[in-house]
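1. Take a look and give me a structure for this.
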Amino acid sequence: MNYIKKDKMFSTTTELDFEEYYRFSLQLVNKSWFSSTIIFCGFISIIGTLTGIIFQSTLSEIAFWEFAVTIGYGIYYRASFRKTIKKQYDDNFKDGYLDKKITINFYDNYLVEETDHIIKKNEYAKIQKITETENNFYIKTKHEIIIVQKRKCKDEEIAFIKGILQKNS
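-> Below is the predicted model:
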């Protein structure tokens, strides 16, 4: 499975340390997770209100405890998410599912990812979305997200990546 041809435009590498993996994981967070959190907090509010009514608490007591529980849950959720991602990162490297270095080769109509374990071709026409952050581009296909570190790209390469979706329109 050798996709390497002579028409390669440029190549870049991504170093996948934990902080990079964590930023990548935040890109994967589904909107339904956020919705589930909001629904859970709303459910807690309803339970808190009913409990307050049953125990004849004042409105300010109910509001205080609902606020405290919601904030506590938000902090717990955020802290446990990072811890869960750290464990996943460590386990994936230990088991050989992730490589710390990913090379991305850009061609006219596709890109190729290369690691010690895979060589994978992705047609630009199949790219669904490119998200740009301060540090990276996240190139989303149907089944994966490809990370391109902006600090490792030249200005013209950054412009090319930004233009990939426009090229397919």
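
2. ok, now how distant is the residue lying closest to residue 113 once chain neighbours are set aside from residue 138?
-> With sequence-adjacent residues excluded and distances taken as C-beta to C-beta, 6 or more residues apart in numbering, residue 113 is closest to residue 120, at 4.7 Å. Heads up, the C-betas are built off the backbone N, CA and C, glycines and all. To residue 138, residue 120 is 16 Å away according to C-beta to C-beta, to the nearest Å.

3. Neighbour count: these two, which is higher?
-> residue 138 (18 against 15; other C-beta atoms under 10 Å).

4. quick one, what contacts that one?
-> Applying C-beta atoms under 8 Å, 6 or more residues apart in numbering to residue 138 gives the contacts 24, 27, 130, 131, 132, 145, 146, 147, 148.

5. Bridging across strands, which residues link to the third one?
-> With DSSP bridges applied, the residues forming beta bridges to residue 130 are residue 139.

6. show me the contacts for it.
-> 137, 138, 139, 140, 161, 162, 164, 165.
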